[in-house]
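Asker: have a look; sequence and predicted model below, questions after that.
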Amino acid sequence: MKNTFTLLVILFTCVTYGQVVINELDSDTPSTDDKEFIELKSATPNFPLDGYVLVFFNGNAGSTTANKSYYTIGLNGLTTDANGIILIGNSLVSPAPDKIFPDNIIQNGADGVGLYLGNASDFPDDTMATTTNLIDALMYDTSDADATELMALLGVTMQYNENQNSSQTTQSVQRKTDGTYETKAPTPGVNNDGSGIVFNGISITVNTADKNEGSSFPITFTTQTNVTSDLTFNFTLNNSTFTTTDFTGNTSVLIPSGSNSFTTNITLTDDVLDEGDEILKIKFGAIPSQYKRLNDNIEFRVIDNDFTVAPFGTPLNPTYGIVANMMPTGYYDSLEGLSGAALKQAIQNIIANPAVVHAHNYGDIIEILKTADQNPKNSNQVWLTYVEQSRSKLDFQDTGINTGKWNREHIYPQSRGGFKDGTSSIPDGINVWLPTNADDILAGHADAHHLRAEDGAENSIRNNNDYGLTGYNGPSGTMGSWKGDVARSVFYMAVRYNGLSVVNGDIADTTVGQLGDLASLLTWNTLDPSDDFEMNRNNYIYTWQVNRNPFIDYPDLANYIWGAKAGQVWHSNLASNDFVNLKVNLYPNPAKKSINISGLNEKATIEIYNNIGAKVLESKFTGETQLHIDFPSGIYYAKINSGDQTMVKKILVE
């Protein structure tokens, strides 16, 4: 129920603009919130909404954004239909909305939405709620207490519970003829009481499974009832990089009088270009006013069969020595002969040099990762670190729904690093950057050396935890191919930025500036050595940031700063890649009760570690040897030392 002031505003605007009200809201839909919508109704049909704007407000009184706007929808160019209705919502809402907004965008409550005179630019995010230029407002919740502060700011005295009749999120809040609201089954696109003009709905039917270049598929258009005169309209498939050159077929629809369907066949062009996987979008053109689109903007993927394969392996099947180290000549010369704090400072002087290093923003990271973390087996995919699998570059998470999506994982968590306030999410490219230095902690938000492509859901599971025995150890059943990678990323961050460190033990997840567990990370650095995948990303990130991760170029540096060699003098000629110099064979692999070691005639030591870095066996041997092992099934690491050489190999025990 609105107060007198708001009612007067509405009465005034009826005279000059025509009355428009919020007619229905569905903020909370089952599972993934992909059928959210808001519906407006005008007192007169076919009413233009130029000069109107919808503003959504957060009603959580305990948050820093309480009573402030979080999402705005400008309504310029939109017009209500013959029933005075206009529908705005997710792409899966039926009938198809007149304007689409992303899935999972409307907060479930207790929150509010206001219809104002104005433009979207008048309400940037975090604008305080107001009754100025307010036409109508609705306060709603999903079984929450009233947001009384926001109610007062919007001038309303009633808050409506969308879950009043059901906890299954299958209902909506709908306006009644007396101006109050009720909760019942959603009625998108029609009058809430079932009155008014009944439109003939048109639906698109198509198999949305992935399609390969060269394949053909039918598209069928069907009306709910037979048409009384020939119905003609066009549709398009164009979407971003997918254009008319990527397919052939008729895109004009003719449903003859007395019929209700039309089918056309489309053939995807099989070219020789690696354009990457693309998404086509089936979209209606203009249709007569007596018809409604029951669905629209139907998307599915076109798989490009011209992808490229790199000569090096994934982290799960690593290769070594194929990707050249592209460090500039003399890049690490200043480290020679140093030790302890002087060595650490010299590293920072290189990788945080304010005269050289570039800082980019969080939006740029998406494009950086598409190349830096590209799957070596398929150039149209990224490699996901923790889950050890590939995913299409197209599946980047751009809404609140992370299932099946990949996003940007901070190895040094945002809250732990002190850079959670972030940098801009609008990419501006490799040629736009800011100078940076060791005190520029905000640059850590978008430092690609510690950002990796990751499964969205797994990223949430990792949260801001430490790594190690009592911290995060990855999904069950994976091989831990990422563990050395994250260790070297943490080491980089602990040197690159003043105020960040890596420490022993499991630190409280609220601790800013510290991340653990150092002992585990040092072990991971040894057991999962730097490979070609890491070297390739190190080379590429340098082209953007003009700095490298020295712990990828020289993994043993970590031991000179934090590990067993701390305090010893560093010389680069002592840090050659021992991992590929020692030629030893372990077989059979997978193993069962025993494993054989061959290729060595000298005295050697073997240490075997389990997947979380705990040592389970240590033995000395000379020459070809058989070891009896009685380990549970899983992934293990064998570290063999002979003289001044070391090798690490993965073993699968069945």
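Answerer: Sure, I can see it.
Asker: now residue 68, nearest residue through space, not along the chain?
Answerer: residue 126 (4.5 Å; Cβ to Cβ, 6 or more residues apart in numbering). (Each C-beta comes from the backbone N, C-alpha and C, glycine too.)
Asker: against residue 483, how distant is the one you found?
Answerer: Distance, residue 126 to residue 483, using Cβ to Cβ, to the nearest Å: 40 Å.
Asker: who has more neighbours, those two?
Answerer: residue 483 (27 against 12; other Cβ atoms under 10 Å).
Asker: coming back round to it: residues contacting the residue nearest to residue 68?
Answerer: 65, 68, 69, 70 (Cβ atoms under 8 Å, 6 or more residues apart in numbering).
Asker: which residues of the stretch 451-600 of the chain fall in helices?
Answerer: Applying DSSP state H, counting those that start in this stretch to the stretch 451-600 of the chain gives helices spanning 456-462, 483-496, 518-527, 532-545, 550-553, 557-561, 578-581.
Asker: what angle separates the third one from helix 483-496?
Answerer: For helix 518-527 against helix 483-496, the angle by axes from the mean of the first three to the mean of the last three Cα atoms, to 10 degrees is 120 degrees.
Asker: what lies in contact with helix 518-527?
Answerer: So helix 518-527 is contacted by 467-469, 471, 480, 483-484, 486-488, 490-491, 502-504, 551, 555, 558-559, 562-563, 609, 612-613, 637, 639, 646, 648 (Cβ under 8 Å, 6+ apart).
Asker: element containing the spatially most central residue of the chain?
Answerer: Taking Cα atoms, centre = their mean, the centroid of the chain lies closest to residue 407, which sits 2.7 Å from it. For residue 407, the host element (DSSP states H and E) is strand 406-410.
Asker: per-residue confidence averaged over the helix or strand following that strand?
Answerer: Moving toward the C-terminus from strand 406-410, the next helix or strand (DSSP H and E) is helix 414-417. Taken as a whole, helix 414-417 has a mean pLDDT of 95.
Asker: do the same with stretch 292-305
Answerer: 96.
Asker: rewinding a little: please name every helix or strand in contact with the strand holding residue 407.
Answerer: Secondary-structure packing of strand 406-410 (3 or more Cβ pairs under 8 Å, 6 or more residues apart in numbering; DSSP states H and E): helix 362-372, strand 451-455, helix 456-462.
Asker: of the ones you listed, flag the one that's most buried.
Answerer: strand 451-455 (a mean of 27; mean count of other Cβ atoms under 10 Å).
Asker: which elements pack onto it?
Answerer: helix 362-372, strand 381-384, strand 389-392, strand 406-410, helix 483-496.
Asker: partners of it in the sheet?
Answerer: Using DSSP bridges, the strands paired with strand 451-455 are strand 406-410 (antiparallel).
Asker: one step back: for the residue nearest to residue 68, phi and psi?
Answerer: The phi/psi pair for residue 126 (degrees, to the nearest 10) reads phi 80, psi 20.
Asker: can you check residue 154 too?
Answerer: Per degrees, to the nearest 10, the backbone of residue 154 is at phi -90, psi 0.
Asker: now residue 102
Answerer: The phi/psi pair for residue 102 (degrees, to the nearest 10) is phi -60, psi 160.
Asker: distance-wise, check the closest residue in space to it that isn't next to it in sequence relative to residue 525.
Answerer: Among residues not flanking residue 102 along the chain, residue 399 sits closest, at 4.5 Å (Cβ to Cβ, 6+ apart). Per Cβ to Cβ, residue 399 is found 36 Å from residue 525.
Asker: with residue 91 instead?
Answerer: From residue 91 to residue 525 the distance is 45 Å (Cβ to Cβ).
Asker: quick one: which of these two has more around it?
Answerer: Neighbours were counted for residue 91 and for residue 525 using other Cβ under 10 Å; residue 525 has more, 26 against 18.
Asker: ok so, going back, need the winner for burial among the helices of the stretch 451-600 of the chain.
Answerer: Greatest burial across the helices of the stretch 451-600 of the chain, using mean count of other Cβ under 10 Å, falls to helix 483-496, with a mean of 26.
Asker: now the angle from it to helix 532-545?
Answerer: For helix 483-496 against helix 532-545, the angle by the same axes, to 10 degrees is 30 degrees.
Asker: low-confidence regions, the stretch 101-250 of the chain specifically.
Answerer: 167-168 (pLDDT under 70).
Asker: so where do the helices sit in it?
Answerer: Using DSSP H, counting those that start in this stretch, helices in the stretch 101-250 of the chain cover 148-154.
Asker: so what sits opposite the residue nearest to the centre of the chain in the bridge?
Answerer: residue 454.
Asker: now residue 561. Nearest residue, chain neighbours left out?
Answerer: Nearest non-adjacent residue to residue 561 (Cβ to Cβ, 6+ apart): residue 344, at 5.2 Å.
Asker: what kind of secondary structure is the one you found in?
Answerer: Recorded secondary structure, residue 344: helix (DSSP: H, G, I helix; E, B strand; the rest coil).
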